[in-house]
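Asks: predicted model, plus sequence, below.
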Amino acid sequence: MTEHVDDGVERTEGVGGVLDALEDAVTQARAMPMSSSVLVNRAEILELVDQVRAALPSQLHQADEVLADADAARAAAQAEADALLARARSRAAALVEQESIVTAAQSRAAEILAEAQETAEALRRDADDYCDRRLADFEIDLGKVLSQVQAGRAKLAGRLVPGENA
């Protein structure tokens, strides 16, 4: 933004505006023949330099405000992070307490499992003993039947032979 004052020089607000005006003054200046030098209006350039000097304190003040805001935001973020860390530590402590309960429950579960395995093993042994007794009884019965079958065959064999017991 620019404003006109009585001395004929445009006043530009802000450091950026003044630097733009300085750049315009140099780029629009008349070039010296066979040289990269230009002729500039000394009063205009000095006035622009004065404007930069005048604008710098307000720009520095704005920069300080931005830094203060950034510091406040960082402090708030740090406070929030600290609170979050405290909650996390509290939760971790609660979980450690629960771990002892879980450990006790796991121990009890292992005991119950061991008892169940012992019971299953005893039932298996009892079932095997029962099967063995039943098979032994069946073996005895089969032995008796085998003896009867052999006796019957022997008697039958005696009748089949001619001339004996006729």
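Replies: Happy to help now that I have it.
Asks: name the residues of stretch 23-30 that are buried.
Replies: Neighbour-count burial for stretch 23-30, counted by 16 or more other C-beta atoms under 10 Å, picks out residue 25. Where you see a C-beta, it was placed from the backbone N, CA and C, and this is true even at glycine.
Asks: residues touching that stretch, excluding its own?
Replies: 38, 39, 40, 41, 44, 45, 48 (C-beta atoms under 8 Å, 6 or more residues apart in numbering).
Asks: I'd like these as TSV, with pLDDT, neighbour count and distance to residue 149 appended.
Replies: Formatted as TSV, the contacts of stretch 23-30 follow (pLDDT from 0 to 100; neighbours: other C-beta atoms under 10 Å; distance: C-beta to C-beta, whole Å):
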residue	pLDDT	neighbour count	distance to residue 149
38	82	13	138
39	83	9	143
40	81	14	139
41	83	12	143
44	86	16	140
45	84	15	138
48	85	24	135
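Asks: any idea how far residue 15 is from residue 64?
Replies: 15 Å (C-beta to C-beta, to the nearest Å).
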